[in-house]
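>>> mind looking at a prediction? Sequence and model below.
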Amino acid sequence: MILLASDHAAVNLRRSIAEHVVTLGFDVQDLGVEDGRSVDYPDFAHELAEKIAHGQADRGILICGTGLGMSITANRHPGVRAALCHDAYTAEMARRHNDANILCMGSRVLGLGVAEQIASVFLKTAFEGGRHQRRVDKIEI
Ligand code: RB5
């Protein structure tokens, strides 16, 4: 199960990415926001991050204007490793080296094609483990 959420700055991109993730073969739960409402991104980041932290879904995708607010907020949750990705390379490394469990993107930064590519790579790439597991284990304080 892949969770998605965004603020008002990314409603259209979130919906397109949700459809794309379904075509990749994943189940999707869309946590909103709906159209026409100006909201505060932390409300949506906290809701999704809490579900990931409690094992209610495998991965999440959070989108706001820059991806910054979503990533900063989600990373306050123990067990969450939210990665703000701008291209396929950062998405691949976020999985291979950091075992990121939430992908953050900026709707005002990325075009649809690049955002779809980032989501595909993020969801299909496995964690390498080994020395990277040791480093990931050191993240929590
Ligand atoms: C909303 O205008 C914008 O601040 C938000 O989407 C995000 O970019 C915050 O980090």
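Now that the structure is in, tell me what you want to look at.
>>> use CA for all of it now, contacts and neighbours both
Fine.
>>> tell me the pLDDT at D35?
If you check D35, the pLDDT there is 84.
>>> A5 too?
Reading off the model, A5 has pLDDT 98.
>>> begin at 138 from now on, thanks
Fine by me, first position is 138 from now on; the one you just mentioned is A142.
>>> what sits against it?
R151, D167, L168, G169, V170, F181, A182, L185, I198, L199, I200 (Cα atoms under 8 Å, 6 or more residues apart in numbering).
>>> show the buried residues in those residues.
R151, D167, G169, V170, F181, A182, L185, I198, L199, I200 (16 or more other Cα atoms under 10 Å).
>>> burial of the closest residue to E277 other than its chain neighbours, as a residue count?
Leaving aside its chain neighbours, E277 sits nearest to P215 (6.9 Å; criterion: Cα to Cα, 6 or more residues apart in numbering). For P215, the number of neighbouring residues by other Cα atoms under 10 Å comes to 15.
>>> same check, this time on G162
8.
>>> any idea how far it is from G192?
Separation of G162 from G192 (Cα to Cα, to the nearest Å) stands at 20 Å.
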